[in-house]
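Asker: what shape does this take:
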Amino acid sequence: MNPKFNLLQKILFLDIETVPLKENFSELNETERQHFENKVKYKINDETSAEDLYEKAGIWAEFGKVIAVSFGKIVKDEKDKLQLHIRSFGEHDEKKLLLQVKDVLTKFYAQTRSEGILCAHNGKEFDFPFLARRMIINRIPLPEILKVHGKKPWETSFCDTLELWKFGDYKHYTSLDLLTHILQIPSPKKDIKGSDVARIYYQEKDLERIKDYCSRDVAALANVWLRLNEMEALEENQIVYS
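Answerer: Below is the predicted model:
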């Protein structure tokens, strides 16, 4: 068996979409407002207030929630050709969503005999800790694959395409969208961008659109991983959405 495909079988590609816990800063109670102001105080100045910064509250697990999660798994079809199967979840009830996520992660970890690897872009800084923190907040026991306490970085089950692209340069940040452009992979940002998610969720109330965006991020993520591992990116007809 191809050793690279052998590794691919152990990888679960993942992307999450998050929004502020409440639509507007004015909806926070006094204690919540104070905590948020303390969180962003280094960015507050004469021209920027905590209220101005609240639109970005979804990037912090203390002030945001998960509304959509997509998973991708690469398999071989009956003609021995690679296929990416993507499954997406979206819920207004965050606890219900996180329980679905836990179920997927638990089954994946068991199927791969504890050798499963989670892959996301900037996942070590965002997706993985955000999911773990929100599960703790919602009193959901962590799945084994997210338990990192006491482990050294190289002992965790995480793969990060941003880290792969850095090649050891810790100062360097490159977005997934930019990587898709330079690696000639279809961009996931055809319809909306990450900065649009909160508006689409709260004002347009279009969770299905956000789920679709999340699933396309996973397709881009998987193709970036393939290119970074010197493999060909998948064509659109090799991607199955469900």
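
Asker: just so I have it, where are all the helices in this structure?
Answerer: Assigned by DSSP state H, the helices in the chain fall at 3-8, 30-39, 50-53, 94-111, 127-137, 161-166, 176-182, 197-199, 207-228.

Asker: CSV please, covering these and showing distance to residue 148, mean neighbour count and mean pLDDT.
Answerer: Using the backbone N, CA and C atoms, a C-beta is placed for each residue, glycine as well. Formatted as CSV, those follow (distance: least, Cβ to Cβ, whole Å; neighbours: other Cβ atoms under 10 Å; pLDDT from 0 to 100):
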stretch, distance to residue 148, mean neighbour count, mean pLDDT
helix 3-8, 21, 13, 82
helix 30-39, 23, 13, 97
helix 50-53, 29, 16, 96
helix 94-111, 13, 17, 97
helix 127-137, 8, 19, 98
helix 161-166, 15, 18, 96
helix 176-182, 23, 17, 95
helix 197-199, 26, 19, 96
helix 207-228, 21, 22, 96
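
Asker: of the ones you listed, which is nearest residue 20?
Answerer: For residue 20, the closest of the helices of the chain is helix 197-199, at 6.0 Å, according to Cβ to Cβ.

Asker: tabulate the helices of the chain (a markdown table), appending distance to residue 59.
Answerer: As requested, these are exported to a markdown table (distance: least, Cβ to Cβ, whole Å):
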| stretch | distance to residue 59 |
| --- | --- |
| helix 3-8 | 30 |
| helix 30-39 | 11 |
| helix 50-53 | 10 |
| helix 94-111 | 16 |
| helix 127-137 | 8 |
| helix 161-166 | 15 |
| helix 176-182 | 15 |
| helix 197-199 | 10 |
| helix 207-228 | 15 |
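
Asker: of those, which approaches residue 118 most closely?
Answerer: Residue 118 lies closest to helix 127-137 among the helices of the chain, at 6.5 Å (Cβ to Cβ).

Asker: what are the buried residues along the longest strand seen in the chain?
Answerer: Secondary structure of the chain read by DSSP state E shows that its longest strand is strand 64-76. The neighbour-count check on strand 64-76 (16 or more other Cβ atoms under 10 Å) flags 64-74 as buried.

Asker: hang on, the earlier thing: and residue 15, which of the helices of the chain is closest to it?
Answerer: helix 207-228 (4.2 Å).

Asker: burial count for residue 28?
Answerer: Neighbourhood size, residue 28 [other Cβ atoms under 10 Å]: 21.

Asker: over to residue 233?
Answerer: By other Cβ under 10 Å, 18 other residues sit near residue 233.

Asker: quick one, phi psi at the residue in the chain sticking out farthest from the centre?
Answerer: Relative to the C-alpha centroid of the chain, counting by Cα atoms, centre = their mean, residue 46 is the outermost residue, at 33.8 Å. With angles defined as degrees, to the nearest 10, residue 46 sits at phi -60, psi -20.
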